[in-house]
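Student: the following block contains a protein sequence and its predicted model.
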Amino acid sequence: MSSVSGKRAVGSGKQAPHAYAGGEDRRVLPRPLRRVVRFTVSLAIGRVHIPRHVGTFSTFAFLGAVALYGMSVGGHTETVAQAVTASAGFAIEDVRVSGNDQTSEIDILQLLGLDGTTSLVALDIEAARRKLSELPWVEYAEVRKVYPKTIEVMLKERQAFGIWQHGSELSLIERNGNIIGPLRDGKFATLPLFVGREAETKAAAFEQELAGWPELKSRVRAYVRVAGRRWDLHLDNGIVLKLPEQGVQKALAVLSRLDAEQGILERDIAAVDLRLDDRTTVQLSQGAMERRKEALEARTKALKKAGAQS
């Protein structure tokens, strides 16, 4: 009986509490760390197979990542990309430009920074388009890559409508009055000249008013805006036509009738004042005034002489 009792004592559950208490002293790792530990142990004892050259590739990948990070921090990414792709056969060698009547190709190449080593792959099309749009004559620009070594530049240029004189400055303007740039040579000397404050914005509308008077319009050499309200026309023979603020068409009709009946625009006069509705005033030239004065003096002398003799 005693031996049976002893076996029961050994195998009974009375010893379980003592064994469980010993397990509480062990630390259990979190689940993610268990996997790391298992993989590390397997790697150490050779259970995990590592392909050949993995170490070499890993080293190069690490060095490449470090190099890319350094280029990014130092701002050299674009330069390196330019050099690598250009040496790989993508250097821009041909630039095709169209639509450039006033813009030189040299200005385009300099603005884009094309020096024979620029890479087509690394070229920023949008940035190039923005730069070209800043040129004085360019209204719109489009840039396109043609691999492997060509770019196409298509321009839409602004159209010069006239010359605007403001103070001592001469500028080329569009029909809407926008300034294109300063007048630098006589290439546009045949364009109409508009002078004065607000003349550039009012030019196109007034020039259209003269469309019904082509003969007179062909003789105008300068349109002068006076006090921002009305126009003076300076003709090719030096005569100044002073137009009213309102009723320009009526004033031009009066002028046309006077010229047809009396040839007023061919006379030795300085100006024709058409600003008043009920009268037209003619200002003689300096030479005509002197001749008129001499004629009046001679007439006065002749009258005096005739009176003395009578």
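Tutor: Yep, it's here. From a predicted model like this one, the values you see are computed outputs, not experimental measurements. Numbering: from 1, shown residues only.
Student: could you tell me the per-residue confidence at the closest residue in space to Phe188 that isn't next to it in sequence?
Tutor: Once flanking residues are discounted, Phe188 sits nearest to Ala160: 5.7 Å by CB to CB, 6 or more residues apart in numbering. Yep, even glycine has a C-beta here, placed from its N, CA and C like the rest. You'll see Ala160 listed with a pLDDT of 96.
Student: quick one: contacts of stretch 235-242?
Tutor: 219-221, 230, 232-234, 255, 265-266, 269-275, 285 (CB atoms under 8 Å, 6 or more residues apart in numbering).
Student: try 10 Å this time
Tutor: 216, 218-222, 224, 226, 230-234, 251-252, 255, 264-276, 281-283, 285 (CB atoms under 10 Å, 6 or more residues apart in numbering).
Student: stretch 255-273 now?
Tutor: Contact with stretch 255-273 is made by 213, 215-216, 219, 232-235, 237-244, 251, 254, 274, 279-289, 291-292, as judged by CB under 10 Å, 6+ apart.
Student: just the C-alphas of stretch 232-249, formatted as CSV.
Tutor: Backbone C-alpha positions of stretch 232-249 (Å, rounded to 0.1, in the frame of the first residue of the first chain) are rendered in CSV as follows:
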residue,chain,number,x,y,z
ASP,A,232,-4.2,115.7,-83.8
LEU,A,233,-3.2,114.2,-87.2
HIS,A,234,0.2,115.2,-88.5
LEU,A,235,0.3,114.8,-92.3
ASP,A,236,3.2,114.1,-94.6
ASN,A,237,3.4,117.8,-95.8
GLY,A,238,3.5,119.2,-92.2
ILE,A,239,-0.1,120.2,-91.9
VAL,A,240,-1.8,119.5,-88.5
LEU,A,241,-5.4,118.5,-88.4
LYS,A,242,-7.0,119.3,-85.0
LEU,A,243,-9.9,116.9,-84.6
PRO,A,244,-12.7,117.2,-82.0
GLU,A,245,-13.3,114.9,-79.0
GLN,A,246,-16.7,113.9,-80.4
GLY,A,247,-18.0,113.8,-84.0
VAL,A,248,-14.8,112.9,-85.7
GLN,A,249,-16.6,111.5,-88.8
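Student: pLDDT of it, averaged?
Tutor: 96.
Student: which parts of that stretch are buried?
Tutor: 232-235, 239-244, 248 (16 or more other CB atoms under 10 Å).
Student: surely Asp278 forms part of a strand?
Tutor: No: using DSSP: H, G, I helix; E, B strand; the rest coil, the assignment for Asp278 is coil, not a strand.
Student: break down this structure into its helices, ranges please.
Tutor: In the chain, the helices defined using DSSP state H lie at 2-11, 16-23, 31-45, 54-74, 77-85, 105-112, 125-133, 199-209, 214-219, 248-262, 286-309.
Student: below-threshold pLDDT in this structure: ranges please.
Tutor: The chain contains residues with pLDDT under 70 at 1-27, 29, 39, 42-44, 46-55, 57-90, 116, 288-299, 301-303, 305-310.
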